[in-house]
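K.L.:
I need the structure of the sequence given here:
(one chain, ligands or ions: 1)
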Amino acid sequence: MTHNLLQGKRGIIFGALNEQSIAWKVAVKAVEEGAVITLSNTPMALRMGQLDELGRQLNAPIIPADATSVDDLERVFTESMEKLGGPVDFLLHSIGMSPNVRKRRTYDNLDYGMLSKTLDISAVSFHKMLQVAKRLGAIADYGSVVALTYVAAQRTFFGYNDMADAKSLLESIARSFGYIYGREHHVRINTISQSPTPTTAGNGIKEMEHLMDFANKMSPLGNATADECADYCVVMFSDLTRKVTMQNLFHDGGFSSMGMSLRAMNQYSKDMKPYEDENGNIIYG
Ligand SMILES: NC(=O)c1ccc[n+]([C@@H]2O[C@H](COP(=O)([O-])OP(=O)(O)OC[C@H]3O[C@@H](n4cnc5c(N)ncnc54)[C@H](O)[C@@H]3O)[C@@H](O)[C@H]2O)c1
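P.N.:
Predicted coordinates for the structure are as follows:
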């Protein structure tokens, strides 16, 4: 069921790779709700993913860009304004990647060159987007910007590694830029903190299926799906949320407010044995 929440609005969606991508679902729902959009991802993602198909399906021009490149971002905003007929009303940053996670380097053995890349791709790119957009006047007054994040920004999760630092920075950028963009242009900037979701980026996290099961058992409403996340993004892009800004909005079925649930307790009570290595030494952590 559609509500025409984005009728007459223009937007840019960064980060749709394949049908599992949260950005893919957001793009589909945004168009269903009446928006016209452009899509952007890296040239590599365009080769490896299925973005062409989505572009055709939604009649959405695709503008390749590495989101860490200011030149590329300038092109995305300039071309989007040309193709869509004016400044955009909404923007989705749905980008994350950690070379340390990919190379299986643990948090106490990070490669600092790779850490810089993690932060640049997953967080600083958001600042670059906002700075370029503001300079070019590419986001219309009363526009809405959303970036996707994860609760590991606030709490420690085994295996999330340097992405936790990137998400903390991302959320901080939303607040700091939200103040400036709000004050000058009524543009609101928020992050949505999504449940673990089975996507290409999500599956890169260690023991993702266990993390998803744990989160699901802990959350009174269960894990939020990518489709449900897209619904929330659409609401945030709509005129129904004009005074919401500089917030980290949890979209996680209640997980972030839980300590222990009956379902998790029940699961845990099935095996109280300590976690041991092959020599019988207890592994803490
Ligand atoms: N999947 C989860 O469990 C989960 C949970 C909370 C938040 N998130 C966040 O949601 C966002 C989207 O991830 P997803 O789960 O849909 O996975 P995904 O793999 O489909 O999307 C990640 C995207 O980042 C893009 N990307 C990587 N490097 C880039 C660069 N240099 N420039 C431009 N784009 C680049 C990839 O091409 C890909 O499209 C990420 O920020 C992720 O951290 C995901």
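K.L.:
switch to C-alpha atoms for all contacts and neighbour counts from now on
P.N.:
Noted.
K.L.:
Give the buried residues for the top helix by length along the chain.
P.N.:
For the chain, the longest helix by residue count, based on DSSP state H, is helix 163-185. Going by neighbour count (16 or more other CA atoms under 10 Å), the buried part of helix 163-185 is 163-175, 177-179, 181-182.
K.L.:
Now residue 239: phi and psi?
P.N.:
With angles defined as degrees, to the nearest 10, residue 239 sits at phi -70, psi 0.
K.L.:
To what extent is it buried, counted in neighbours?
P.N.:
14 (other CA atoms under 10 Å).
K.L.:
check contacts around residue 191.
P.N.:
146, 147, 148, 149, 171, 174, 246, 247, 248, 249 (CA atoms under 8 Å, 6 or more residues apart in numbering).
K.L.:
partners of the last one in the sheet?
P.N.:
What that stands for is residue 249. residue 192 (DSSP bridges).
K.L.:
could you list every residue that touches it?
P.N.:
Here residue 249 is in contact with 190, 191, 192, 193 (CA under 8 Å, 6+ apart).
K.L.:
now these as JSON lines including distance to residue 223 and pLDDT?
P.N.:
What follows is the contacts of residue 249, written out as JSON lines (distance: CA to CA, whole Å; pLDDT from 0 to 100):
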{"residue": "190", "distance to residue 223": "21", "pLDDT": "99"}
{"residue": "191", "distance to residue 223": "18", "pLDDT": "99"}
{"residue": "192", "distance to residue 223": "14", "pLDDT": "99"}
{"residue": "193", "distance to residue 223": "12", "pLDDT": "98"}
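K.L.:
wait, is residue 143 part of a strand?
P.N.:
Yes - counting by DSSP: H, G, I helix; E, B strand; the rest coil, one finds residue 143 located in a strand.
K.L.:
what packs against the longest helix of the chain?
P.N.:
Applying 3 or more CA pairs under 8 Å, 6 or more residues apart in numbering; DSSP states H and E, we find helix 163-185 packed against helix 112-119, helix 125-136, strand 139-149, strand 188-194.
K.L.:
Please see if the last one touches the ligand.
P.N.:
Yes - with CA under 6 Å from any ligand atom as the criterion, the ligand is reached by strand 188-194 at 193, 194.
K.L.:
Report the buried residues of the helix or strand that that strand is followed by.
P.N.:
Beyond strand 188-194 in the direction of the C-terminus, DSSP states H and E gives the next helix or strand as helix 208-218. Under the neighbour-count criterion of 16+ other CA under 10 Å, helix 208-218 has 208, 211, 212, 214, 215, 216, 217, 218 buried.
K.L.:
Return the residues of this structure in contact with the ligand.
P.N.:
Counting by CA under 6 Å from any ligand atom, the residues of the chain close to the ligand are 15-17, 21-23, 41-42, 45, 66-68, 94-97, 121, 148-150, 193-202.
K.L.:
Can you select the buried ones from those in ChimeraX?
P.N.:
Entered in ChimeraX, the line below selects the buried ones among the residues of the chain next to the ligand, by 16+ other CA under 10 Å:
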select :15,16,17,21,22,23,41,42,45,66,67,68,94,95,96,97,121,148,149,150,193,194,195,196,197,198,201,202
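K.L.:
and the gap between the spatially closest residue to residue 248 that is not a sequence neighbour and residue 152?
P.N.:
Distances taken as CA to CA, 6 or more residues apart in numbering place residue 191 nearest to residue 248, at 4.8 Å, with adjacent residues excluded. Here the criterion is CA to CA, to the nearest Å. By it, residue 191 lies 13 Å from residue 152.
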